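K.L.:
everything below, folded, please.
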Amino acid sequence: MLPIPPDLTQALRELRARYESEKEFHGKLYSDHGLVFCTLHGNPISRSDADHYLARVLEVAKVPRVRFHDLRHSHATWLLMSSVDFRTVSSHLGHAQTSTTMDIYAHVISAMQDKASQAINSVITAAKRSKRESQH
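P.N.:
The predicted structure is shown next:
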């Protein structure tokens, strides 16, 4: 089970409250399948529904259009670029082997290496500056 951040927990609670009002409004026409995401009548959302909703949200947000599956890759990339370890990211994605995650996100490893190089350079630059200042 993955931990859920507080803001997401709140958003899911608000969504559940919305579903409860939909159940009341639609009465017997509402099919309660216990889903987190569903149609206004409680039925499962189809792939085309999910794609349509995402396209609408991205349009309103004035963000370039992406496929729904691209969100998974964005999630993994953001975690890796935020220095979350591969084992944790692999777990989030449901990969049985960390090597699978590493193979898929090899391009992120390169960017992480650049970031690490920049961090080392910053430390060296700061050390040089400190040494010069102490000599004066």
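K.L.:
what does stretch 106-118 contact?
P.N.:
Stretch 106-118 has contacts (CB atoms under 8 Å, 6 or more residues apart in numbering) with A76, T77, L80, M81, S83, M102. C-beta here means a position set from N, CA and C on the backbone, and glycine is covered the same way.
K.L.:
what's the ChimeraX syntax to select whichever of those residues are buried?
P.N.:
Here is the ChimeraX command that selects only those of these that count as buried (16 or more other CB atoms under 10 Å):
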select :76,80,102
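K.L.:
and the contacts of stretch 106-118, which is closest to P64?
P.N.:
T77 (15.3 Å; CB to CB).
K.L.:
tell me the pLDDT at the closest one?
P.N.:
The score at T77 is 88. That number is its pLDDT.
K.L.:
how close does it get to Q113?
P.N.:
Using CB to CB, to the nearest Å, T77 is found at 15 Å from Q113.
K.L.:
before we move on, the earlier item: got the contacts of stretch 106-118 as JSON lines, with secondary structure columns?
P.N.:
Formatted as JSON lines, those follow (DSSP: H, G, I helix; E, B strand; the rest coil):
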{"residue": "A76", "secondary structure": "helix"}
{"residue": "T77", "secondary structure": "helix"}
{"residue": "L80", "secondary structure": "helix"}
{"residue": "M81", "secondary structure": "helix"}
{"residue": "S83", "secondary structure": "coil"}
{"residue": "M102", "secondary structure": "helix"}
